[in-house]
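Undergrad: give me a model of this one.
(chains A and B)
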Amino acid sequence: MLSYPTVRTSLIFLAIALVGLLFADIAITANNPWRDLGNFFLGVLTPNFFSSEGLLTALLRTVAFAFVGVTVGGICGFLLALVYRFLPVRIFCAFIRAIHELFWALIFLQFFGFHPLTGVLAIAIPYSGIFAKVYSEILEEADPEPGRLLPPGTGTITAFLYTKIPDCWIQLRTYTAYRLECGLRSSAILGFVGLPTLGFYLETSFSQGMYSDAGAMLILFYVLIATIPLWVKPKLLPVYILGAPFFLGDGFPIVWGNVERFFTQDIVPSPLRDGEGLAGLIPWLNELMVEQALPGIWNTVILTQIALVATGILTLLAFPLISNHFGGPIRRTSGHVFLVIARSTPEYILAYILLQLWGPSMLPAVVALALHNGGIIGHLIGRQTNTIRLRSDAPQGFNRYSWELVPRVYRSFLAFLFYRWEIIMRETAILGILGIYTLGFYVDSAIQSIRFDQAMVLILITAMLNIGVDILGRYIRRKLALQTMPTC
Amino acid sequence: MTHNLIRKLLIIGLCSLFAATASAQTFIFTAIPDEDETKLVERFRGIADYLSEELDADVKYIPVKSYAAAVSAFRNNQVQLAWFGGLSGVQARSLVPGSQAIAQGTEDQAFYVYFIAHESTGLDRADSLPQEVRGKTFTFGSKGSTSGRLIPEYHIRETFGEAPEDVFSRVGYSGNHTRTLRLVESGTYEVGAMNFAVWEKELENENIDTDAVKVIWKTPGFPNYQWSIRGDVDENYGEGFTDRVREALLSLDDPELLESFPRSAFIPASNDDYEPIRKVAKEIGIID
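TA: Here you go, the predicted structure:
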């Protein structure tokens, strides 16, 4: 078995994660974590839908920010996809998508403040980068044959619209719809930094232990996501897209002087701002690297590697839950419900909940990342097994799982896992805001002490790290000849 | 049908635009989120109503999610007045030329931090920070808090000559004082540091399990919370507006509102009152 490159790669990653565990801070520090967890589930079972007057408004805002953000991101991303073959465009897109929505929001908050633009751009910018990449991949795979049949002299735009678009339309539409769901999740968590979406109220009720209120919000959020096919209809889209900007709330007027100040003063490294010149910049950067960036990178990488392997293990355990090859309809239905909840809950919210319940350590983060990502990949792999037809005399039960199904789906399983490697790292960094010592912790600390110059350097380092992992992930996928479709 | 909907949406949108312009001169204030939000919203809505009446102007309170967000909103002129802690006030006023501290609570002239410990530590009240806290788990409040971060960190460094990360086995930031209390009470952290006023209020309301958590040390006093106002308020809201806001705050005597802070009264304050805070913050490197 060791002669298979996929198995060898898996074992190497498993070993890295196990070594990482030795260095990781894994503990349950709460005195009575199960009582709290029990209280939380009790809260979900006894939801209080009338807790906050702002709840419905928050839900509306969550949808509005998602629609506007994803629309703007989609349009920009599509335009970028047309010129994606140019290296500078690719680098630019890789860069903007390497920075998490919450980091973008924290940046814009400093000069736009609580203006709707903050939330819209926080979603639209990273989504443009992601859309550009995926759209260009989809367009590239379009059948070139129709283009060759066009009469000579056909304009480029006409050719594009009549040959490429019709061929890719379904993929483009499916992916965009999928992104909208991601947009709802992104929009919800923006509330955690103060925008008027669901996260705002969720944070409030959770931090005060009002689990019935929090439970109601989570239920509403699941319903919102699960009913997307019912309320997002092609015919209604123009209404939503035109209407959404009016439901973002007022916020406060933008003062353009603040924008100028941010770019010309706030983010200029303090030694340069104080006129110490390059001589002061080196020790400043040095201190920043040693005291913040390096510990942050170390913790981010360790947590990412552990979470990646935990995601893999959970996926392999979870996909049989919805697979047709095992058991009856009750298990499959409950399996679906479990996976839908796991993947609909943003990992940030999951980590927040678990941190409140278990106390601070890397454990809540690992579990949150594994649940969310394992939910997504488990769902995709489970569906894939349903297309596999086994011989009628194929083995049953565990043998069927380990000798028939896992080997058949293992390559796409790895493909999804390596595809999500970069996404897991981006999330790991952001979870630092919740108090785990990853890069986000240091970014948040810098912002809390009004040192935007340090925050920007740390965000840039985070972006570089993500780009590095993205490249490595792609290299491994190419080496192992793994192919995948994108997930968010 | 669709067109009708679009038209309705446009009308709603236009109305909200007009609403925004009409309230452009609303006087807006915020406060650092140092306690449970529900309590803050209740307290500061009361203040907003009071100020609206006293100033004969539209006054609104907006809640924020972090100390830094309060400072940024003040700096960006999205709020004109704020209830800051000692440290956030120093940070905010250094960023807004001409801004001034106009009022503080009577208790804020000499404010205290309580170091609290879970009963499992076996620690008792002492006259100084006990050496035994070394190696325990410890939580601050918010990263930008005066009584939850700055002053405790200062005393930890004074006592042990080391950074908190080296003194304790685990250092966390709970987010606010109520949260610190709950985390130490439940034993998630063994030791914590919090605002004494929040402790006393919770104790009075019988919200503390005194068998599980107790105060182990009370720090010396330091200046803390204050109302700070931007320097350009007179220019934008009319001559003498700053003085009127100050007057209104100083003459606030509604016992219920004062109790919600909890403060016995508001008294005049000046920027210089907070010089000790600035010095300490500089010393331990929280500000440059």
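Undergrad: helices or strands next to the helix or strand where residue B:71 lies in the packing?
TA: Element membership of residue B:71, judged by DSSP states H and E, is helix B:67-75. Helices and strands touching helix B:67-75, by 3 or more Cβ pairs under 8 Å, 6 or more residues apart in numbering or on different chains; DSSP states H and E, are helix A:101-111, helix A:439-448, strand B:27-31, strand B:81-84, helix B:86-95. Every C-beta, even on glycine, is put in place using the N, C-alpha and C of the backbone.
Undergrad: for these, which one sits closest to residue A:278?
TA: When the helices and strands packed on helix B:67-75 are ranked by proximity to residue A:278, the top entry is helix A:439-448, at 21.5 Å, counting by Cβ to Cβ.
Undergrad: in that closest one, what counts as buried?
TA: For helix A:439-448, burial by neighbour count (16 or more other Cβ atoms under 10 Å in any protein chain shown) applies to A:439, A:440, A:441, A:442, A:443, A:444, A:445, A:446, A:447, A:448.
Undergrad: give the contact list for residue A:318.
TA: A:335, A:338, A:339, A:342, A:374, A:375, A:378, A:382 (Cβ atoms under 8 Å, 6 or more residues apart in numbering or on different chains).
Undergrad: again, only this time at 6 Å
TA: A:374, A:378 (Cβ atoms under 6 Å, 6 or more residues apart in numbering or on different chains).
Undergrad: right, and residue A:171 touches residue A:139 too?
TA: No: judged on Cβ atoms under 6 Å, residue A:171 makes no contact with residue A:139 at a distance of 9.2 Å.
Undergrad: domain map for the chain?
TA: I'll assume chain A. For chain A, automatic domain parsing gives the domain ranges A:1-31+A:274-488, A:50-266.
Undergrad: sorry, should have said chain B
TA: Recorded structural domains for chain B (assignment: automatic domain parsing) are B:24-109+B:224-283, B:113-218.
Undergrad: what about residue A:151, is that helix, strand or coil?
TA: Put simply, residue A:151 is coil when judged by DSSP: H, G, I helix; E, B strand; the rest coil.
Undergrad: dump the C-alpha coordinates for stretch A:445-457 into PDB.
TA: Provided in PDB are the C-alpha atoms of stretch A:445-457 (Å, rounded to 0.1, in the frame of the first residue of the first chain):
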ATOM      1  CA  SER A 445      -4.200  43.200  19.300                       C
ATOM      2  CA  ALA A 446      -2.500  45.700  16.900                       C
ATOM      3  CA  ILE A 447      -5.900  47.100  16.000                       C
ATOM      4  CA  GLN A 448      -7.000  47.300  19.600                       C
ATOM      5  CA  SER A 449      -4.000  49.300  20.400                       C
ATOM      6  CA  ILE A 450      -4.600  51.500  17.400                       C
ATOM      7  CA  ARG A 451      -1.400  50.400  15.600                       C
ATOM      8  CA  PHE A 452      -2.700  50.000  12.100                       C
ATOM      9  CA  ASP A 453       0.800  50.000  10.700                       C
ATOM     10  CA  GLN A 454       1.600  46.800  12.600                       C
ATOM     11  CA  ALA A 455      -1.800  45.300  11.700                       C
ATOM     12  CA  MET A 456      -1.300  45.900   8.000                       C
ATOM     13  CA  VAL A 457       2.100  44.200   8.100                       C
END
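Undergrad: what average pLDDT does that stretch get?
TA: Mean pLDDT, stretch A:445-457: 94.
Undergrad: again, but for stretch A:338-346
TA: Stretch A:338-346 shows a mean pLDDT of 91.
Undergrad: among the helices and strands packed on helix B:67-75, which is nearest residue B:54?
TA: The closest of those to residue B:54 is strand B:27-31. By Cβ to Cβ, the value is 11.2 Å.
Undergrad: run the angle between the closest one and helix B:86-95 for me.
TA: Counting by axes from the mean of the first three to the mean of the last three Cα atoms, to 10 degrees, strand B:27-31 points 140 degrees away from the direction of helix B:86-95.
Undergrad: where does the spatially most central residue of chain B fall, phi/psi-wise?
TA: Centroid check for chain B by Cα atoms, centre = their mean gives residue B:32 as the closest residue, at 3.9 Å. Residue B:32 adopts backbone torsions of phi -70, psi 140, taken as degrees, to the nearest 10.
Undergrad: that one: what's it in contact with?
TA: B:67, B:70, B:84, B:85, B:88.
Undergrad: residue A:369 touches residue A:307, doesn't it?
TA: Yes: if you go by Cβ under 6 Å, residue A:369 and residue A:307 touch, sitting 3.8 Å apart.
Undergrad: joint contacts of these two?
TA: Common contacts of residue A:369 and residue A:307 (Cβ under 6 Å, 6+ apart): residue A:424.
Undergrad: where does whatever residue of the stretch 51-200 of chain B ends up closest to chain A land in three-state SS?
TA: Residue of the stretch 51-200 of chain B nearest chain A, by Cβ to the nearest Cβ: residue B:187 (3.3 Å). Assigned state for residue B:187: coil (three-state reduction, three-state DSSP).
Undergrad: understood, closing this out.
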